[in-house]
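Novice: Based on what follows, work out the 3D shape:
(chains A and B)
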Protein chains: 2
Amino acid sequence: MTPPAIILSRPQIGENIGAAARAMANFGLTDLRLVAPLANWQERATIMAVGASPISDGARVFQTLPEALGELQLVYATTARERGVSKPILTPPEAARRLREASAQGVRTGLLFGGERAGLDNDEVSLADAVITIPTNPDFSSLNLAQAVLLNAYEWFRAADETPPSRTEYGPLAHKATREDMFNLFEHLEDELKKSGFLFPPDKADSMMRNIRAMLNRADFTDMDVRTLRGMIKALARGKHRLSAKPPVKDA
Amino acid sequence: MTPPAIILSRPQIGENIGAAARAMANFGLTDLRLVAPLANWQERATIMAVGASPISDGARVFQTLPEALGELQLVYATTARERGVSKPILTPPEAARRLREASAQGVRTGLLFGGERAGLDNDEVSLADAVITIPTNPDFSSLNLAQAVLLNAYEWFRAADETPPSRTEYGPLAHKATREDMFNLFEHLEDELKKSGFLFPPDKADSMMRNIRAMLNRADFTDMDVRTLRGMIKALARGKHRLSAKPPVKDA
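Specialist: Next up is the predicted model:
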């Protein structure tokens, strides 16, 4: 599936071209097109792009926007303000969803961004199929060019990303504790707490243990965590004896 | 609802602190905390923050991470790689959803980011409740610090943003065309096309008009668009007469 081309119209700052290239690389985009960029953008762009300099170095430069959009079939223009354009205004995730849908059918797509100074003018917006507006704090809505590219590239990537919203990796040596691990822990702990005199008065012992079990269950322990805890309980239970003994001599 | 604090641990580059402040302002965050930043970060930060310099100028500086996290109750650490930490790994939107949920209940939240050189170390990660990993292109996964802040701040904002995924604003003078506007347009057009000889051969005229109606319906016209189109049809239909007449003299 071909990702969207990124078209920057009249970019003024080489650093932003480089940062845009880097954002593209982060999210799997490669086709960068520049319309009438300010002269001598290359050096600053290469520095900012870091490992993504092949994208900025390989950017195609056009003199006019229609030339840059040439063979593309679906183009969305990113604007900060909505200007009564009578065309659909999309959020970045909705735009990404539609771009994916179109790309999956072989449609060539592009995302168009205006220069740092004034964004896209109405003539440029009129060449696009729809407008993307990034929702921002109305009191501080001015987004840097490279950051606007980043957010749209991120949404493109995310639209097909299958990472589960939440997961826990226990590593090769641990797994989530079994119920039996937990029951044994509770028994061990209750036994030692009884001996220590903590579960007092006796008629409150049951409800105290219920609270302790609930607290420990919430922690979502691994089997290794349970072994560690049982070692801690054992060490603490014999604590008084250790205190009266001399500490082991280290590196003697 | 108090937005999450942003905590940058050992940031090395003043520009990134400024760019992080700007990203925070874009999405309504204000509480910036720095742990042991490299000396003389202020000047470069202020330049990069542009209008958001009150956030970087007002950043609180701490010597240790536990001091910076002090009164916070729910802290997520952003890491590039998952390192077998036995704690939940969240996507940015899932993290934003949980942060909103917690904030709505008065829980004080924070987002923790590591320095440019090495990110967060395992000790720092162990102070957090969960880890956020931003899904990226595995071949180019290194995200700039300010961009990682931007993406998480954007997700925080988006989690409560009610902008419809797609909408069309017609401006104060236009509205979506009524069915009657469209029927009148179709009739006018069919009438003129018949006279012009375009609907030929006659037994194909009906299916030709069906295709034309489908094509025009897809364009989702406003009432103003329909008036413009009917003016165009009228002008084109009398075109031959105009061509033989002299063009009107301008500014004579």
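
Novice: all helices of the stretch 1-150 of chain A, in order?
Specialist: Using DSSP state H, counting those that start in this stretch, the helices found in the stretch 1-150 of chain A span residues A:14-26, A:42-49, A:53-57, A:65-69, A:92-104, A:122-125, A:145-158.

Novice: so which of those is the most packed in?
Specialist: Sort the helices of the stretch 1-150 of chain A by mean neighbour count, taking mean count of other Cβ atoms under 10 Å in any protein chain shown, and helix A:14-26 sits at the top with a mean of 26. For glycine as for every other residue, the C-beta is placed from the backbone atoms N, C-alpha and C.

Novice: pLDDT on it, on average?
Specialist: Regarding helix A:14-26, the rounded mean pLDDT is 96.

Novice: can you give me the angle that helix makes with helix B:14-26?
Specialist: 70 degrees (axes from the mean of the first three to the mean of the last three Cα atoms, to 10 degrees).

Novice: how about helix A:14-26 against chain B, any contact?
Specialist: Yes - using Cβ under 8 Å from any Cβ of the partner chain, helix A:14-26 reaches chain B at A:19, A:22, A:23, A:25, A:26.

Novice: Quick check: chain neighbours aside, which residue is closest to the third one?
Specialist: It stands for residue A:23. Among residues not flanking residue A:23 along the chain, residue A:150 sits closest, at 3.8 Å (Cβ to Cβ, 6 or more residues apart in numbering or on different chains).

Novice: Then the first one?
Specialist: Taking Cβ to Cβ, 6+ apart as the measure, residue A:19 lies nearest to residue A:146, with 3.4 Å between them; neighbours along the chain are not counted.

Novice: Could you tell me the model confidence score at that neighbour?
Specialist: If you check residue A:146, the pLDDT there is 94.

Novice: Now do the contacts for it.
Specialist: Applying Cβ atoms under 8 Å, 6 or more residues apart in numbering or on different chains, we find residue A:146 in contact with A:15, A:16, A:19, A:20, A:22, A:23.

Novice: same thing with residue A:20?
Specialist: A:6, A:8, A:32, A:56, A:113, A:145, A:146, A:149, A:150.

Novice: Do you know the pLDDT at the closest residue to residue A:26 other than its chain neighbours?
Specialist: Of all residues not flanking residue A:26 in the chain, residue B:136 sits nearest, at 4.9 Å (Cβ to Cβ, 6+ apart). Looking at residue B:136, its pLDDT is 95.

Novice: Any regions of chain A where pLDDT drops low?
Specialist: For chain A, the stretches flagged by pLDDT under 70 are A:82-86, A:240-252.

Novice: mind saving the C-alpha coords of the lengthiest helix in it as CSV?
Specialist: For chain A, the helix that runs over the most residues, judged by DSSP state H, is helix A:179-196. The C-alpha trace of helix A:179-196 is given here as CSV (Å, rounded to 0.1, in the frame of the first residue of the first chain):
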residue,chain,number,x,y,z
ARG,A,179,-4.5,-18.4,41.7
GLU,A,180,-2.7,-21.2,43.6
ASP,A,181,0.5,-19.0,43.9
MET,A,182,-1.7,-16.3,45.4
PHE,A,183,-3.6,-18.6,47.8
ASN,A,184,-0.2,-19.9,49.1
LEU,A,185,1.0,-16.4,49.6
PHE,A,186,-2.1,-15.4,51.5
GLU,A,187,-1.8,-18.5,53.8
HIS,A,188,1.9,-17.9,54.4
LEU,A,189,1.3,-14.2,55.2
GLU,A,190,-1.8,-14.9,57.4
ASP,A,191,0.2,-17.5,59.4
GLU,A,192,3.1,-15.2,60.0
LEU,A,193,0.9,-12.2,60.8
LYS,A,194,-1.0,-14.3,63.4
LYS,A,195,2.3,-15.3,65.1
SER,A,196,3.5,-11.7,65.1
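
Novice: List the buried residues in stretch A:217-224.
Specialist: Residues A:221, A:222, A:223, A:224 are the ones in stretch A:217-224 that count as buried (16 or more other Cβ atoms under 10 Å in any protein chain shown).

Novice: Would you convert the residues you listed into a markdown table that also reports distance to chain B and secondary structure?
Specialist: A markdown table is the format used below for those (distance: Cβ to the nearest Cβ, whole Å; DSSP: H, G, I helix; E, B strand; the rest coil):
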| residue | distance to chain B | secondary structure |
| --- | --- | --- |
| A:221 | 9 | coil |
| A:222 | 6 | strand |
| A:223 | 11 | helix |
| A:224 | 8 | helix |
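
Novice: Tabulate these in a markdown table, adding columns for distance to residue A:205.
Specialist: Putting the buried residues of stretch A:217-224 into a markdown table (distance: Cβ to Cβ, whole Å) gives the following:
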| residue | distance to residue A:205 |
| --- | --- |
| A:221 | 23 |
| A:222 | 28 |
| A:223 | 27 |
| A:224 | 29 |
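
Novice: Could you point out which of the residues you listed is nearest to residue A:102?
Specialist: residue A:222 (44.9 Å; Cβ to Cβ).
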